[in-house]
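Colleague: Build me a model:
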Amino acid sequence: MKTRHNFNRGLRMDLACGNDSFRPVFSYIYFKDGYAYASDAHILVKNKLSECSTFTDEEIEKLDGKFISSKAYKSILSYDMVQVTDMGFECMLFDNQKVIYPFADVYKYPEIEKTISEHLKESTEGITKLRIDPSFLSKIEKALFNFEDAYMQLSEGNKSLVVKNRYSDSIGIIMLKSIID
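Modeller: Reported below is the predicted structural model:
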């Protein structure tokens, strides 16, 4: 039996991506500084590649600044043996044939680290009501590495629910809906 060389099979970052014709950049997974980012503007996940994949340090470096479509990512998960090349993800089929999923030409991703740092500030306000779209919780559960060890906290101003893992650098953010009485 071959050892899997790929993203963790159950990590569905594609579910955190959007399908918005006005903001097509959100239909891609973005790789930067050893992390994979996915967002649909309602939820955001940041997963550390060395934790959520078996890619080598050299392969992770090749991913820096690159994009892959959420559809391609979903397909890549089905392969056991994947290599990161300068052109994209090279997937091996059972008969040693190769399928290549090229990196996408996307020019700019939103300032994601700035967004994350703004939401990491903890809330100091008391809150009695909280409204969350249940589908966001379901998506973040599948898209965030090690969700089962995560905890949640409200951000400053109660703008979002931050999902953090005690044992990982992975972070999720769920944008809260307004509370209507």
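Colleague: need the helices for the chain, in chain order.
Modeller: 49-52, 57-63, 70-76, 112-119, 134-143 (DSSP state H).
Colleague: show me where this structure has strands.
Modeller: 28-32, 35-39, 43-48, 67-69, 82-84, 88-92, 98-102, 150-154, 160-165, 171-175 (DSSP state E).
Colleague: quick one, which of these is nearest to residue 18?
Modeller: strand 35-39 (7.1 Å; CB to CB). To be clear about C-beta, it is placed using only N, CA and C from the backbone, and glycine gets the same treatment.
Colleague: Can you convert the helices of the chain into TSV and add a column each for mean pLDDT, distance to residue 161 and mean neighbour count?
Modeller: Rendered in TSV, the data for these read as follows (pLDDT from 0 to 100; distance: least, CB to CB, whole Å; neighbours: other CB atoms under 10 Å):
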stretch	mean pLDDT	distance to residue 161	mean neighbour count
helix 49-52	95	21	19
helix 57-63	97	28	16
helix 70-76	97	22	18
helix 112-119	87	9	15
helix 134-143	90	9	17
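Colleague: Between these, which one is closest to residue 20.
Modeller: helix 70-76 (11.7 Å).
Colleague: which secondary structure elements does that closest one contact?
Modeller: strand 28-32, strand 88-92, strand 98-102 (3 or more CB pairs under 8 Å, 6 or more residues apart in numbering; DSSP states H and E).
Colleague: contact partners of the first one?
Modeller: Residues external to strand 28-32 that are found in contact with it (CB atoms under 8 Å, 6 or more residues apart in numbering): 13-14, 17, 36-38, 49, 63-70, 73, 104, 106, 109, 112.
Colleague: Adjacent strands (with direction) for that strand?
Modeller: strand 35-39 (antiparallel), strand 67-69 (antiparallel) (DSSP bridges).
Colleague: One more: the last one?
Modeller: When sheet partners are counted by DSSP bridges, strand 98-102 sits next to strand 88-92 (antiparallel).
Colleague: mind checking how far the strand it pairs with is from the chain centre?
Modeller: Offset of strand 88-92 from its chain centre (CA atoms, centre = their mean, to the nearest Å): 19 Å.
Colleague: now do stretch 117-130
Modeller: 22 Å.
Colleague: Quick one, which of the strands paired with strand 28-32 gets closest to residue 79.
Modeller: Across these, closest to residue 79 is strand 67-69 (CB to CB), at 13.4 Å.
Colleague: The closest one - what's its average pLDDT?
Modeller: Here strand 67-69 scores 96 as its mean pLDDT.
Colleague: Now do that strand: everything it contacts.
Modeller: By CB under 8 Å, 6+ apart, strand 67-69 touches 27-31, 76, 88-89, 101, 103-106, 109.
Colleague: Cheers, nothing more for now.
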